[in-house]
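Engineer: the following comprises the amino acid sequence and a computationally predicted model.
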Amino acid sequence: MHTVDDHEREVKFFIADLKEISSRLLTIGAVVTKERVHEYNLRFDTPDQKLRSKHQVLRLRQDDQTRLTFKDRADVSQGVADRQELEITVADFKSTQKILEALGFTVFMIYEKFRTTYGYKGCEIVVDELPFGLFVEIEGVTEDAIKTVASDLKFNWEKRILLSYLDLFNILKINKDMRIVYLTFDNFVGTKFTEADFVGKVG
């Protein structure tokens, strides 16, 4: 979902039970706008990590379509993660990857998840199933709109997460002394984590 000024404003919450949050969404009247879909993502950067040093994102995503996305540094001063997001749909995943690599970008991260998308009170709510856990992400035009939806879903606003999934992955690796490189389901078979495992500073 994109706001009119090309910014995304969002927060995340860690959840422990997929069925319970699905029931909660149904109870408040949220409507499924996109059925559960598998996402496969490539993150690109220059060899000297110029984008990461600026907290910028260049991502190629494949789900039921292929999209190339740029995200600028997030501003969290208003209580939500607010960042410019520019996205286009492209015709071919592999060809786009080859173009980016020909321009000098390299893949430094592969990550995947399953995502179900809901609409409610003008906001987009996604339930994300990642290899390391379950999360709800709420995106809206204003902090107040996002906060209202979070309240309706009975989330504790003080426990909102403003970090990216890759930031959470890096914290998890530090806390658990993990040597895993890519955030894929095959790499996390048999693992289970709690909300406390994602507390810390990005390394």
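Structural biologist: Thanks, I have the structure now.

Engineer: need the contact list for residue 106.
Structural biologist: 44, 45, 46, 47 (C-beta atoms under 8 Å, 6 or more residues apart in numbering). In this view, the C-beta of every residue, glycine as well, is placed from N, C-alpha and C.

Engineer: how close does it get to residue 49?
Structural biologist: According to C-beta to C-beta, to the nearest Å, residue 106 stands 10 Å off from residue 49.

Engineer: try residue 107
Structural biologist: Counting by C-beta to C-beta, the gap from residue 107 to residue 49 is 13 Å.

Engineer: and the two? Which one has more around it.
Structural biologist: Taking other C-beta atoms under 10 Å, residue 107 and residue 49 do not tie; residue 107 has more neighbours (14 against 11).

Engineer: wouldn't residue 76 be in contact with residue 162 here?
Structural biologist: Yes: under the criterion of C-beta atoms under 8 Å, residue 76 makes contact with residue 162 at 4.7 Å.

Engineer: how far out from the middle of the chain is stretch 75-92?
Structural biologist: Distance, stretch centre to chain centre, for stretch 75-92: 10 Å (C-alpha atoms, centre = their mean, to the nearest Å).

Engineer: got the CA positions of it in PDB?
Structural biologist: C-alpha atoms of stretch 75-92 as PDB (Å, rounded to 0.1, in the frame of the first residue of the first chain):
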ATOM      1  CA  ASP A  75      12.200   8.400  10.200                       C
ATOM      2  CA  VAL A  76      10.800   7.100  13.500                       C
ATOM      3  CA  SER A  77      10.400  10.500  15.200                       C
ATOM      4  CA  GLN A  78       6.600  10.400  15.000                       C
ATOM      5  CA  GLY A  79       6.200   7.000  16.600                       C
ATOM      6  CA  VAL A  80       6.000   5.000  13.300                       C
ATOM      7  CA  ALA A  81       8.500   4.000  10.700                       C
ATOM      8  CA  ASP A  82       8.000   6.600   8.000                       C
ATOM      9  CA  ARG A  83      10.100   6.300   4.800                       C
ATOM     10  CA  GLN A  84       9.900   7.100   1.100                       C
ATOM     11  CA  GLU A  85       9.000   4.000  -0.900                       C
ATOM     12  CA  LEU A  86       9.200   3.900  -4.700                       C
ATOM     13  CA  GLU A  87       8.000   0.700  -6.400                       C
ATOM     14  CA  ILE A  88       7.500  -0.500 -10.000                       C
ATOM     15  CA  THR A  89       6.200  -3.800 -11.400                       C
ATOM     16  CA  VAL A  90       8.600  -5.500 -13.800                       C
ATOM     17  CA  ALA A  91       8.000  -8.300 -16.300                       C
ATOM     18  CA  ASP A  92      10.800 -10.800 -15.500                       C
END
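
Engineer: next secondary structure element downstream of the helix or strand harbouring residue 58?
Structural biologist: Element membership of residue 58 [criterion: DSSP states H and E] is strand 57-62. Using DSSP H and E, the helix or strand that follows strand 57-62 in sequence is strand 66-71.
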